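Enquirer: Let me see the structure of the following:
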Amino acid sequence: MDTEKSGNLLKDPVVTLLLQGRASTAAEAERLYIEEHLDEVVPLVNSDLSDEEFRRHPLIAALLSHGSRGWDDSPL
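Expert: Predicted coordinates:
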């Protein structure tokens, strides 16, 4: 792996949580990251980021990848 790719990987908040031992799976790390940074969503929405930059932000990318709750979780 080249230096640039490894540097970017270490900047990934999900990878960081895994390396710190705070999560044991990528899904758990992503969920933890979202929970710990949810209060940052509104400021990001209101920021001057372009749509592309907004969607590339790690928090927004994680939220968008989760989608909505599945039918199996429905209370009905």
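Enquirer: Low-confidence bits of the protein, can you list those?
Expert: Scanning the chain for pLDDT under 70 picks out the ranges 1-9, 67-76.
Enquirer: Just the C-alpha atoms of the helix or strand hosting residue 15, please, in PDB.
Expert: Here residue 15 sits within helix 13-19, counting by DSSP states H and E. Extracted as PDB, the C-alpha positions of helix 13-19 are listed here (Å, rounded to 0.1, in the frame of the first residue of the first chain):
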ATOM      1  CA  PRO A  13     -12.900   7.500  11.600                       C
ATOM      2  CA  VAL A  14     -14.200   4.000  11.300                       C
ATOM      3  CA  VAL A  15     -10.700   2.500  10.900                       C
ATOM      4  CA  THR A  16      -9.500   4.700  13.800                       C
ATOM      5  CA  LEU A  17     -12.300   3.200  16.100                       C
ATOM      6  CA  LEU A  18     -11.300  -0.300  15.100                       C
ATOM      7  CA  LEU A  19      -7.600   0.300  15.700                       C
END
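Enquirer: C-alpha coordinates for the next helix or strand after it, PDB please?
Expert: Later in the chain than helix 13-19, the nearest helix or strand by DSSP H and E is helix 26-37. Provided in PDB are the C-alpha atoms of helix 26-37 (Å, rounded to 0.1, in the frame of the first residue of the first chain):
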ATOM      1  CA  ALA A  26     -16.700  -2.200  10.900                       C
ATOM      2  CA  ALA A  27     -20.500  -2.000  11.300                       C
ATOM      3  CA  GLU A  28     -20.100  -1.400  15.100                       C
ATOM      4  CA  ALA A  29     -17.400   1.200  14.500                       C
ATOM      5  CA  GLU A  30     -19.600   3.000  11.900                       C
ATOM      6  CA  ARG A  31     -22.600   3.000  14.200                       C
ATOM      7  CA  LEU A  32     -20.500   4.300  17.100                       C
ATOM      8  CA  TYR A  33     -19.000   7.000  14.900                       C
ATOM      9  CA  ILE A  34     -22.500   8.100  13.800                       C
ATOM     10  CA  GLU A  35     -23.800   8.100  17.400                       C
ATOM     11  CA  GLU A  36     -20.900  10.200  18.700                       C
ATOM     12  CA  HIS A  37     -21.000  12.800  15.900                       C
END
